[in-house]
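J.: Kindly return the folded structure for what I paste below:
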Amino acid sequence: MILKERTKSISYLLLESLNYRMNLSFNEKNQYKNQVKGFAGEQVFDDYMKEAQLPGLIINDLLISTRDTQYQIDSLLITADHIYLYEVKNYTGTYHHRNGSLFSESGHALQDPLAQANRKRAYLYNLLLNFGHQTEITSYVVYINTDFYIYSLPLNQSVLFLGQLPNHFHDLVKKTPSVTDQIKKIADKLLRLHDHNFRPPNLPEYTFDQLQKGILCPKCFSFQHSGSRQFCLCSECGHQEKTAEAIHRSIKEFRLLFPELILTKQFIYEWCGGSYSKSRIRDVLKNNYHMHIIGRGSYYS
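T.: Numbering: from 1, shown residues only. The predicted model follows:
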C-alpha cells in the first residue's frame, strides 16, 4: 500500500519554473537537468514497485528535518518485521570502482551512494529508536538506468541494478508478513515528520521583476496561448485547460517562488502577464483563498 506518492520536490518545481522564466547559469541548468533525470529514474523504480504488489507500506520522497540534519529518502518499504530503504540513482555512462569510490572515465569522482544510503539508514534507525521502535533496516542503492556500468564492482548485496529488481521484489513478497497496527503507527509518525516546505540553500537567486511574466503551459512550458473566459489553449502544443485552473496554477507557482510576498490581485495580474482582467483574477482568488480587507485594499491567504 502506497501511503505517500512521489511528487516533484520544491527544488524541482522551483528550478522548472526558473528555467523558463530567466536565464539560468550553466551550473543551475545542470542542477535542473539532474532534478529531471533523478525524478524520471525514481518513477521507473515506482513502476517496478507497484507491479510487484508488495505487502507492506510504501513511503516515497520522505524528507526529514531534525535539529541536527536534513535527509531525503527516495523510497521506504515498511513491513511487520523489517524496513527497506532505497536510494535510487539514474546515472548513465561507464564508471570504475576503486577504493570504495566511483570514478568516471574522465577521472571525476562521485559521492559514494552506498555511504549515503547507509548514513540515512543510521539516521532513520536512531530516529525510530527515540520513538521506542527498534526495527531492523536494510538499505539498498538501485542503479535504475540500463545505460550504466561499473567496472571492478565487488559483489555487494546492497547494490541492485534494474534487471535485478523483479527477483528482489519477488523474494520480498514471499517472506513479507502482513501489515500490522504497529507498522501503521511507525509510518504515521514518519509521515508527520515529513518536511513539506524544505528549501535547500543552493537554489538560484531571483526577484519578481527579474522573471518573465505570463502563464506557462503545463505540458510544453510555452507562454503562447489564446484565451477566453472559459478556456486557455496553448498555441504551441494545443493543450487546453479551464481558464480558472490555469490562473490558479499560476497563483500556486507565484506562492511557491515568492512565499515572502503578500498575495494580491495586482501581483497576480502582473504575474499572469496581463492575460486576463483583474476582475477575472479576483474571482479566482476569492474562490480559492481567504480574503482580508485592509483599509481600501485587500490581500489573500
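
J.: just for this structure, where's the confidence low?
T.: The model of the chain has no residue with pLDDT under 70.

J.: Tell me which stretches of the stretch 51-200 of the chain form strands.
T.: 57-65, 70-78, 83-89, 93-98, 101-104, 109-110, 137-143, 148-151, 159-161 (DSSP state E, counting those that start in this stretch).

J.: Name the residues of stretch 104-115 that come out as buried.
T.: Under the neighbour-count criterion of 16 or more other Cβ atoms under 10 Å, stretch 104-115 has Pro113, Leu114 buried. Quick note: C-beta positions are derived from backbone N, CA and C, even for glycine.

J.: Mind listing residues that contact that stretch?
T.: Here stretch 104-115 makes contact (Cβ atoms under 8 Å, 6 or more residues apart in numbering) with 87, 89, 91, 93-96, 100-103, 141, 156, 158-159.

J.: Could you say which of the strands of the stretch 51-200 of the chain is packed most deeply?
T.: Scoring the strands of the stretch 51-200 of the chain by mean neighbour count under mean count of other Cβ atoms under 10 Å gives strand 83-89 as the most buried, with a mean of 23.

J.: Please tell me how far the nearest residue to Gln224 once chain neighbours are set aside sits from Gly274.
T.: Leaving aside its sequence neighbours, Gln224 sits nearest to Ser235 (Cβ to Cβ, 6 or more residues apart in numbering; 4.0 Å). From Ser235 across to Gly274, the span is 17 Å (Cβ to Cβ, to the nearest Å).

J.: wait, which of the strands of the stretch 51-200 of the chain is closest to Pro201?
T.: strand 70-78 (10.3 Å; Cβ to Cβ).

J.: That closest one pairs with which strands?
T.: When pairs are called by DSSP bridges, strand 70-78 turns out to pair with strand 57-65 (antiparallel), strand 83-89 (antiparallel).

J.: could you pull out the helices for the stretch 201-301 of the chain?
T.: All helices of the stretch 201-301 of the chain, identified by DSSP state H, counting those that start in this stretch, fall at 243-257, 265-271, 278-288.

J.: now the angle between helix 278-288 and the longest one, please.
T.: Helix 243-257 runs at 80 degrees relative to helix 278-288, counting by axes from the mean of the first three to the mean of the last three Cα atoms, to 10 degrees.

J.: got the contact list for helix 243-257?
T.: Identification of contacts with helix 243-257 by Cβ under 8 Å, 6+ apart yields 10, 13-14, 17-18, 206, 211, 215-216, 218, 225, 227-232, 241, 261, 263, 267-268, 271-272, 276, 280-281, 283-285, 287-289.

J.: what about it, distance to the chain center?
T.: Put simply, helix 243-257 sits 19 Å off its chain's centre (Cα atoms, centre = their mean, to the nearest Å).

J.: Show me which residues of it are buried.
T.: Buried residues in helix 243-257 (16+ other Cβ under 10 Å): Thr243, Ala244, Ala246, Ile247, His248, Ser250, Ile251, Glu253, Phe254, Leu257.

J.: Now the first one: closest residue in space, sequence neighbours ignored.
T.: By that I understand Thr243. Nearest residue to Thr243, sequence neighbours excluded (Cβ to Cβ, 6+ apart): Cys232, at 4.9 Å.
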